[in-house]
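Undergrad: coordinates only, no sequence provided:
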């Protein structure tokens, strides 16, 4: 497999857009205005594609949780359900949140290192919408957004990086400082301020104003390549260093527990999955990629378990279902 | 397999004897007296059997540790190596310590519930020795011993019990009180005062004076049967109770870690073995007995690893050797 797929889990493009003639979402005067925006956006996008519209006040709590756990909508979107909605395509790789911080938050996520592909998809949808809707745009400032940090391109290009070796060897503070100096941000996987869970970090551009989309994509790509090289080199160093046996031990035990348990919480499962991924990266397990482990993590979120099992389970039943489900998946995918 | 083999790990007979005309070991005047006793005992026993004599000041530290770890001599015997010795048979089920607390501490250990068999073996050896040596014996008191708690028969009949269910369900304090009332003692496996490790308990007679050997054996047997029934009944209750899934989870994880690790300390290994044995007892793993797990625990003691590997290893190398060795053994023996 390509080396970059052992580091870059996914690539995400996000565009912030607003409609001319309406206040930003937090200042909308009434439900009527909010619904007008929702209808305008959904009819614009539905002209060309197989999108489905979800009103946040028209779905169950379980469905809402499911959208959040699959990273298709943000928790913020659920804060004012009477005002907000999302249109999501059948593949579930494109989602447009309506009346979150901005009128439109358009997002496309692709697996692996695929910023250009994601940008092409998102840009295409954005152009489609722009044919029906007039975006708030200023010749000098570019796209106008609720928060000035998104002004200009409204583009956030981010990649999700799996950086176990740089984390274990305590290089992350240095990586984060260097990225910051280049106008990029590195954060833990659950967004701003949250600490890195499972060795996962989100790297994205900080600056959106005074640069072109092309410049943003190039810069993020360059830094991702550099960080990936550092990570891969540090993995080689770790795999032959004095801590190698302890790291191998941790990875093997994670496999042992994941394939031999009767109950496992989501938190423990995700922690052990990180060790499993590390084991694949260091060659202790044979696998085609680490992406399927990330998919399994999403699949084992509470709301997805509810869907898989066909009904709502108690927390203990869920831990039991998870234990049974992952055992077979992991044994099938990994050959130790 | 017989139910009792799922509870009784081993049976042990110990006879305390002393020679006429010599002070007790702690009061021996000089090395000469001690050596006289050693020679007398070893020549008496070697007349009939394939015993080997070990002078405690004639073996390496490694060999001494090996004898202790295999429960063939006590740590006390090593305290005054110039005075002490042991004769041990080829099978290593009979060992006679010379100049420990008493001049002779004769012990026979048999696997499973086999007190009568162990007593028959030990009694036969004792008679052999008595043909060459005059034991200190009083018509009224019986065999004279250094400590009055061994006076009379000098017999300690003990069984090693695996009592996970009674431990988990917190019945052990009650079991221990009942045994005490009947003149028996229950202690953790590493002897007096030590807490139970790995759910293992030693049950033995407290009283040696004023009772016959037959009475001692019968009473210990009766109590062992009673405690075994309680344990087996409590196992059935646990296996179908509300904690069943958590207990199963613990047992499965123990198997997962034991068969998937690169390093494991002796302490963690023994702890997980207890869970593995519990898993066999509750039917989560298919195995012929639990005795082989106890054998594996002994086999993985540091001094036995030195013998298996052919040279002395560092603690980390030993943990690595242990991890590799047990993986195959356990996978071969257990079918989950």
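TA: Happy to help now that I have it. Treat the numbers as computed from the prediction; the structure is a model and nothing was measured. Residues are numbered from 1 along each chain as shown, chains lettered A, B, ... in the order given.
Undergrad: so what's residue A:18 up against?
TA: A:24, A:102-104, A:135-136, A:143-146 (Cβ atoms under 8 Å, 6 or more residues apart in numbering or on different chains). (C-beta placed from N, C-alpha, C; glycine too.)
Undergrad: mind listing the strands for the stretch 51-200 of chain A?
TA: A:51-55, A:85-89, A:94-98, A:104-111, A:137-138, A:142-143, A:155-162, A:184-188, A:200-205 (DSSP state E, counting those that start in this stretch).
Undergrad: of these, flag the one that's most buried.
TA: The highest average neighbour count among those, using mean count of other Cβ atoms under 10 Å in any protein chain shown, belongs to strand A:94-98 at a mean of 27.
Undergrad: so it versus strand A:85-89, what angle?
TA: Interaxial angle, strand A:94-98 versus strand A:85-89 (axes from the mean of the first three to the mean of the last three Cα atoms, to 10 degrees): 170 degrees.
Undergrad: how many residues are close by the closest residue to residue A:138 other than its chain neighbours?
TA: Leaving aside its sequence neighbours, residue A:138 sits nearest to residue A:144 (Cβ to Cβ, 6 or more residues apart in numbering or on different chains; 5.8 Å). A total of 20 residues lie near residue A:144 under the criterion other Cβ atoms under 10 Å in any protein chain shown.
Undergrad: for residue A:144, what are phi and psi?
TA: Here is the backbone geometry of residue A:144 (degrees, to the nearest 10): phi -90, psi 140.
Undergrad: the bottom helix or strand of chain A by mean pLDDT?
TA: Across the helices and strands of chain A, mean pLDDT, DSSP states H and E gives its lowest value to strand A:184-188, namely a mean of 89.
Undergrad: which secondary structure elements does that one contact?
TA: Under the contact definition 3 or more Cβ pairs under 8 Å, 6 or more residues apart in numbering or on different chains; DSSP states H and E, strand A:184-188 sits against helix A:172-181, strand A:200-205, helix A:213-240.
Undergrad: again, 7 Å this time
TA: Here strand A:184-188 touches helix A:172-181, strand A:200-205, going by 3 or more Cβ pairs under 7 Å, 6 or more residues apart in numbering or on different chains; DSSP states H and E.
Undergrad: that older thread, want to throw the strands of the stretch 51-200 of chain A into JSON lines with distance to residue A:294?
TA: Shown next, in JSON lines, are the strands of the stretch 51-200 of chain A (distance: least, Cβ to Cβ, whole Å):
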{"stretch": "strand A:51-55", "distance to residue A:294": "24"}
{"stretch": "strand A:85-89", "distance to residue A:294": "19"}
{"stretch": "strand A:94-98", "distance to residue A:294": "18"}
{"stretch": "strand A:104-111", "distance to residue A:294": "8"}
{"stretch": "strand A:137-138", "distance to residue A:294": "36"}
{"stretch": "strand A:142-143", "distance to residue A:294": "31"}
{"stretch": "strand A:155-162", "distance to residue A:294": "8"}
{"stretch": "strand A:184-188", "distance to residue A:294": "15"}
{"stretch": "strand A:200-205", "distance to residue A:294": "8"}
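Undergrad: least reliable of those strands going by mean pLDDT?
TA: For the strands of the stretch 51-200 of chain A, mean pLDDT drops lowest on strand A:184-188, to a mean of 89.
Undergrad: near the residue nearest to residue A:256 when sequence neighbours are not counted, how many residues? Count them for me, please.
TA: Of all residues not flanking residue A:256 in the chain, residue B:260 sits nearest, at 2.9 Å (Cβ to Cβ, 6+ apart). Number of residues near residue B:260 (other Cβ under 10 Å) recorded here: 21.
Undergrad: did I read that right, residue B:260 in a strand?
TA: No: judged by DSSP: H, G, I helix; E, B strand; the rest coil, residue B:260 forms no part of a strand; its state is coil.
Undergrad: hang on, the earlier thing: closest to chain B out of the helices and strands packed on strand A:184-188?
TA: Nearest of the helices and strands packed on strand A:184-188 to chain B, taken as Cβ to the nearest Cβ: strand A:200-205 at 23.7 Å.
Undergrad: tilt between the lengthiest strand in chain A and strand A:200-205?
TA: When chain A is parsed with DSSP state E, its longest strand is strand A:8-17. The directions of strand A:8-17 and strand A:200-205 differ by 40 degrees, with the same axes, to 10 degrees as the criterion.
Undergrad: many thanks, have a good one.
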